[in-house]
Each structure stands twice: as structure tokens, then as C-alpha cells.
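Visitor: I'll drop the sequence and a predicted model, then ask my questions.
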Number of protein chains: 2
Amino acid sequence: MKLYDYFRSSAAYRVRIGLNLKGLAYDAVPVHLVRDGGEHLKPEYRAINPSALIPALQDGGATITQSLAILEYLDEVHPLVPILPRDALGRARVRSLALAIACDIHPLNNLRVLRYLVKEAGLTEEAKTAWYVHWVREGFAALEAQLAASADTGRFCHGDMPTLADIVLVPQVFNAARFNVDMSAYPTMARIDAACRALPAFEAAHPAKQADAE
Amino acid sequence: MKLYDYFRSSAAYRVRIGLNLKGLAYDAVPVHLVRDGGEHLKPEYRAINPSALIPALQDGGATITQSLAILEYLDEVHPLVPILPRDALGRARVRSLALAIACDIHPLNNLRVLRYLVKEAGLTEEAKTAWYVHWVREGFAALEAQLAASADTGRFCHGDMPTLADIVLVPQVFNAARFNVDMSAYPTMARIDAACRALPAFEAAHPAKQADAE
């Protein structure tokens, strides 16, 4: 399998964790989001992924885009080391936690959006950071409340094995740390993040450990 | 089942379509996103959904949040009239198309974000509309390219039966129409949207048909 990757992309980081948890070998093809005006915007990459977003996974002749679709696919095709619980309600809870980050936080904070706010909408750096911190705090507070209140939360977001929810959580916490978001207000999330990062599969997926890390 | 609903919410609209396609009866509980400073922000609703977002589905004693998690749950628990294809690659494609809207377009365009841009970031109404149109155009162009290029696209986004991708597409096209986005640049999407809206399940889920419509 071939993963079109960028070390700092939260979405690519998710897929790297999933591949590692399942013990699946892959070739990382770095696509630089900044250099040269963004390699993802070139026709070569658009031919692979018309949305010009990272990551994309090639498996055999097929190309799969969108990190959560890739992770669901990997879980279906390589069911060993499952990343979703067995019961429908458990799966719903895990997917909901993952989507609470993937839909409600991350899309507002990624590079293209922050760039637009400064370059097109004319926001100052301070206003951009305020925007970032606002959505992270809003989302983290809701997530912390959900995790802290539920008996389903264990060592990880759902029970004592890592799931899709943890796979999405860790890159978002990493991302927030870059903006100096204080995690002490989110003790359950911080505890789960630490438990995940102690696992080799998460550690090997860390941005700093990638070949294209700067 | 009980659906915490708001007629104009794209995410709630998705779930209504899914419930209708599967022929599942539900009680809609309207939660007004504007009136009274937003009923979703009151402690009563936060007790149901800590993220204070619409929709939430109650089924038996369980509450499920996040529209895509709800739809996957419904498809698992009520597999008749499936909304995902049978093969893993087909499911990956459908999920990817759905996520391309649910993660890359809709989060940037929903009410709370547009409000923040005007009230907190100080954007003019024109700048807010430019933001909206920018992300819709960017996302729709990518989606149109993916749909138009694929032999898997049929009468609907994936083959000749509606799937999760169509369920997410139709509310986003409805949303874009409110901002006068010209659909002539996206002929495949416009054709699929029309095919969907001809189906009673989609029609009955339309915002204008809801009890709380204004």
C-alpha cells in the first residue's frame, strides 16, 4: 500500500496510526503542503486526489481518500486488531467521538482555512489564533464532558483497547499543543492521549518520526 | 425513536432522509437554533448532547450524536434498504464522498461558524458570503470531478440506488442554494440532486416539509 502523506497533517497522522495498529506495511509518499506553493495543488497530485487533500491511500489499483473512509476500509479488509467495537452502539459511540473531532474541530483549524482567514479575510495573527483556540476549546470541552461522563470510557476513549476515536484524538491534541492550548482543563483527554502515546503504533506515527519531518 | 431536529440543519436533514429511506418511524423534537439565543445551548439540551449540536437520536435508552454515526448505526441495526454498498471498496468510495462534504464543506458553512465570523472576527456580510462561496466552490469542484470521472457513478452518487453519499449531498446542495451558488458548474451533482429529490424519502425530509419550518 502507498500512503500520500505529510508529516504534520492530522488526517495523515490518523491513517499512519491505523496502519501501525494493524501492523500493515506501507510506503509513504510525502506531499509537501507548503513548499513550492503546495505540492498537493499540482496537477500530478490532483490526478490522484481531485480534492487536493492529504492523505490518499492506494491499495492495489484503488485510491481511497478521506482519512475516516480509509480507516473504515482498513478495518473491513484487515479485521485483525479491530479499531471499532463489536456492538452497534459501541461503534456508534466511537464513530461519534471521532466525528466530533473530524467534523467539528479539525476542519476549522487546518492549514488551508487558517491561510484563508489571514490572506483572504484579512484577519490578524491574533484574530487567527483566537479563532483556532475558540473552536478547539469549544470542541474539547464537549468531548471532555462526554468522555468523563461515560462508563464506556476506559483506559482509552472506549474501553481498554484503542479505537478509531483514539486514532483521531491523538493528532488533534498534538495539533492543539502547537497552539499552546492548555490541556489541564481536559484531564480525561490528556490521560487518554498519554496512554495512546505510550503505544509503539502511535509513537511511530508521530509527525517528528516521519521521513519528511522538518 | 426520537430525533432532536431542526428543520434547516443540514446534519438533521441527512438523518431524516436516512430514516425515511429505511421506512423507520420517529418522533421529531424540534430544537430551535436561533430563537431564545439558541435552544441547543440550554442546559436541557446539553444534558442530552454535551456538544450542543443537532441532531441527536434516541433509540431505547441510548443517545447517539453526529449525523454520520447515526446513519451508520441505522444501517447496521436496520439493514433493510442499505445505504452502503456491499463491497469494501464501494463502501470506501461512498464514505469518502460523504466525508468530502461532511468534513471539508459543511463545517465551514454552518450557522455557528458564520456567526463567529461576523460577530467575533468582525467580517462584513460580503466577506462572510465570500468565505461561504469559496469553500462551497472548492468542495463542489472536487466532488464534481470525482463523480464525473468515475464509472461507479450512476443515477445516484454510487450506482443506481441512493447511498450515504446522496444523503449528505442533497442537504449540502439545498444549503448552497440559500447562498445562490450557481449549480450549472456542477452538472453531475445537479443531476443526482434532482434524481434524489424525486424520491418520496428525500422529499419528506426537506426542511420546508418539517413541522417546525418557518
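Guide: Great, that's in hand.
Visitor: What segments of chain A are strands?
Guide: Using DSSP state E, the strands of chain A run over A:2-5, A:27-30, A:56-59, A:62-65.
Visitor: dump the residue contacts of the residue located most distally from the centre of chain A.
Guide: Residue farthest from the centre of chain A, counting by C-alpha atoms, centre = their mean, is A:G122 at 27.7 Å. By C-beta atoms under 8 Å, 6 or more residues apart in numbering or on different chains, the contact list for A:G122 reads B:A127. C-beta here means a position set from N, CA and C on the backbone, and glycine is covered the same way.
Visitor: avg pLDDT for the longest helix along chain A?
Guide: For chain A, the helix with the greatest residue count under DSSP state H is helix A:125-149. In this model, helix A:125-149 carries a mean pLDDT of 96.
Visitor: helices and strands around it, which ones?
Guide: Judged by 3 or more C-beta pairs under 8 Å, 6 or more residues apart in numbering or on different chains; DSSP states H and E, helix A:125-149 is in contact with helix A:88-102, helix A:106-109, helix A:111-119, helix A:164-178, helix A:187-197.
Visitor: ok, now with 7 Å
Guide: helix A:88-102, helix A:106-109, helix A:111-119, helix A:187-197 (3 or more C-beta pairs under 7 Å, 6 or more residues apart in numbering or on different chains; DSSP states H and E).
Visitor: Provide the contact partners of that helix at residue level.
Guide: With contact meaning C-beta atoms under 7 Å, 6 or more residues apart in numbering or on different chains, helix A:125-149 is reached by A:97, A:100-101, A:104-105, A:108-109, A:114, A:117-118, A:153, A:157, A:176, A:179, A:181, A:186, A:188-189, B:50-52, B:116, B:121.
Visitor: same question, stretch A:65-82
Guide: Contacts of stretch A:65-82 (C-beta under 7 Å, 6+ apart): A:11, A:14-15, A:18-19, A:21-24, A:49, A:51, A:55-57, A:64, A:83-84, A:98, A:102, A:164, A:167, B:88, B:91-92, B:95-96, B:99-100.
Visitor: Now list the buried members of those residues.
Guide: Applying 16 or more other C-beta atoms under 10 Å in any protein chain shown to the contacts of stretch A:65-82, the neighbour count classes A:11, A:14-15, A:18-19, A:21-22, A:24, A:49, A:51, A:55-57, A:64, A:83-84, A:98, A:102, A:164, A:167, B:88, B:91-92, B:95-96, B:99-100 as buried.
Visitor: before we move on, the earlier item: and the strands of chain A as JSON lines, adding mean pLDDT?
Guide: Listed next are the strands of chain A as JSON lines, based on pLDDT from 0 to 100:
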{"stretch": "strand A:2-5", "mean pLDDT": "98"}
{"stretch": "strand A:27-30", "mean pLDDT": "96"}
{"stretch": "strand A:56-59", "mean pLDDT": "98"}
{"stretch": "strand A:62-65", "mean pLDDT": "96"}
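Visitor: possible to save these as JSON lines with distance to A:A198?
Guide: Below are the strands of chain A laid out as JSON lines (distance: least, C-beta to C-beta, whole Å):
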{"stretch": "strand A:2-5", "distance to A:A198": "23"}
{"stretch": "strand A:27-30", "distance to A:A198": "23"}
{"stretch": "strand A:56-59", "distance to A:A198": "26"}
{"stretch": "strand A:62-65", "distance to A:A198": "29"}
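Visitor: Of the ones you listed, which is nearest A:D193?
Guide: Of all the strands of chain A, strand A:2-5 sits nearest to A:D193, with 21.6 Å by C-beta to C-beta.
Visitor: Describe which strands the closest one pairs with in its sheet and in which direction.
Guide: Looking at strand A:2-5 with DSSP bridges, its partner strands are strand A:27-30 (parallel), strand A:56-59 (antiparallel).
Visitor: and it, which residues are buried?
Guide: Applying a neighbour-count criterion of 16+ other C-beta under 10 Å, one finds A:L3, A:Y4, A:D5 buried in strand A:2-5.
Visitor: Now do the contacts for the first one.
Guide: The contact partners of A:L3, taken as C-beta under 7 Å, 6+ apart, are A:V15, A:Y26, A:A28, A:V29, A:P55, A:L57.
Visitor: Any idea what it is bridged to?
Guide: Applying DSSP bridges to A:L3 gives these bridge partners: A:A28, A:L57.
Visitor: ok now stretch A:159-169, how far from the chain's centre?
Guide: Averaging C-alpha positions (C-alpha atoms, centre = their mean, to the nearest Å) puts stretch A:159-169 11 Å from its chain's average.
Visitor: how's chain A carved up into domains?
Guide: Domain ranges of chain A: A:2-81, A:88-201, per automatic domain parsing.
Visitor: can you list those in TSV and add distance to B:D193?
Guide: Putting the domains of chain A into TSV (distance: least, C-beta to C-beta, whole Å) gives the following:
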stretch	distance to B:D193
domain A:2-81	19
domain A:88-201	21
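Visitor: closest one to A:K209 among the ones you listed?
Guide: Per C-beta to C-beta, nearest to A:K209 of the domains of chain A: domain A:2-81, 8.3 Å.
Visitor: From one end of the closest one to the other, what's the distance?
Guide: Start and end residues of domain A:2-81 are separated by 20 Å (C-alpha to C-alpha, to the nearest Å).
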